[in-house]
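> let's see this in three dimensions:
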Amino acid sequence: MKKFFVSFLLAVFATGAYAQENQSRLDSLQQVVSALSSRVEDTQKAELNRAVWKDRAKYFNLGYVKQTLADRTYGGELKSDFGASLSWGKTYYLHRKPLFGMLKFGLDWSWMDINYAKFSLDAFDGETGEPLPSDVHQAEIGMQFGPSLTVNPVHRLKVGGYFRVTPSYSLLYMDETVHHHYVTFCNAGCTLAWKVVSVGVEWRWGTASYDGLKFDEDAFDEDYAEGDDVPSAGDVMDQMKVPDRKFKTTSVRFYFGFRF
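Alright, predicted model coming up:
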């Protein structure tokens, strides 16, 4: 009986030690699994953060333009028949980690911004009164720079808003006259992006007094008839020059873009 009791106690102790050893092994295995899961989760977060912010900082946009040209000197307003825009650049984020895990402030720099619009001008012959329809062409090339705010609410979806200053050179052809000048445009817009594809809309406005050069061969021939001295370059420029004319340009640009 005594031997049986001793054997029973030894068996109980051995079972307890074995169970304790197994539990210790299970705890160690659970810690390893938890550590691996945490590393995988951190790696996935880092990969998503890189894909959302670093890999999608550059943009290339193609847009459709609705534009209004207002004459601030003589009055009148034209609305575009057709317009197009092209811009590309990069967003430089001001901090490494997104605020609240989803928000970043940045500075947008569009290295190139090109805008074109075509208008129809209904004029009339001063002698006959017959309509003389003609096309008006306006184009700008410039560079954008300004602050932006981008929110990443879920996965790879990004919603952004921005305001940019756009110093530009503007060229306007109207009624055989070329108007040209430097113009400071302002652009404000919002954009929606999913991975590489984005869509957006922006408002654009600017005003300037344009220099003008008129190409009127008939008037030139009257001033310099056959047999007269050949005019100098200065005389030609004086003959072509017309008074300055102030224009205000306002646009709405809807664009489809790529982020890479």
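
> count of neighbours near residue 243?
Using other CB atoms under 10 Å, residue 243 is surrounded by 8 other residues. C-beta here means a position set from N, CA and C on the backbone, and glycine is covered the same way.

> for the stretch 51-200 of the chain, which spans come out with low pLDDT?
Within the stretch 51-200 of the chain, the segments meeting pLDDT under 70 span 124-131.

> can you give me the strands for it?
58-71, 77-79, 82-93, 103-124, 131-154, 157-174, 177-194, 197-214 (DSSP state E, counting those that start in this stretch).

> can you name the residues bridging to residue 90?
Per DSSP bridges, the residues bridged to residue 90 are residue 58, residue 109.

> tell me the contacts of it?
Residues near residue 90 by CB atoms under 8 Å, 6 or more residues apart in numbering: 57-59, 108-109, 111.

> any of the residues you listed buried? List them.
57, 59, 108 (16 or more other CB atoms under 10 Å).

> closest to residue 205 out of those residues?
Taking CB to CB as the measure, residue 108 is the one of these closest to residue 205, at 17.7 Å.

> residues contacting that closest one?
Here residue 108 is in contact with 89-92, 144-148, 162, 164 (CB under 8 Å, 6+ apart).

> that one and residue 134, how far apart?
37 Å (CB to CB, to the nearest Å).

> before we move on, what about residue 63?
Counting by CB to CB, the gap from residue 63 to residue 134 is 26 Å.

> of these two, who's got more company?
Between residue 63 and residue 134, counted using other CB under 10 Å, residue 63 has the larger neighbour count: 21 against 14.

> can you pull the pLDDT of residue 15?
We have a pLDDT of 60 for residue 15.

> also the one 5 residues further on?
Note for residue 20: predicted pLDDT of 65.

> one more: the one 3 residues further on?
At residue 23, the model reports a pLDDT of 68.

> was I right about residue 98 contacting residue 106?
No - if you go by CB atoms under 8 Å, residue 98 and residue 106 don't touch, sitting 10.9 Å apart.

> follow-up on the earlier one: can you put the strands of the stretch 51-200 of the chain in a markdown table and add distance to residue 240?
Putting these into a markdown table (distance: least, CB to CB, whole Å) gives the following:
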| stretch | distance to residue 240 |
| --- | --- |
| strand 58-71 | 20 |
| strand 77-79 | 23 |
| strand 82-93 | 28 |
| strand 103-124 | 20 |
| strand 131-154 | 18 |
| strand 157-174 | 14 |
| strand 177-194 | 9 |
| strand 197-214 | 5 |
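
> and residue 249, how many residues sit next to it?
The burial count for residue 249: 22, using other CB under 10 Å.

> quick one, phi/psi of it?
When read as degrees, to the nearest 10, the backbone of residue 249 gives phi -110, psi 130.

> spit out the contact partners of it.
So residue 249 contacts 67-70, 138, 170, 183, 185, 204-207 (CB under 8 Å, 6+ apart).

> again, only this time at 6 Å
By CB atoms under 6 Å, 6 or more residues apart in numbering, the contact list for residue 249 reads 69, 206.

> try the one 4 residues further on
Going by CB under 6 Å, 6+ apart, residue 253 touches 63, 65, 85, 202.

> where's the third one relative to residue 185, distance?
When CB to CB is applied, the distance between residue 85 and residue 185 equals 12 Å.

> I'm done for today, thanks for sticking with me.
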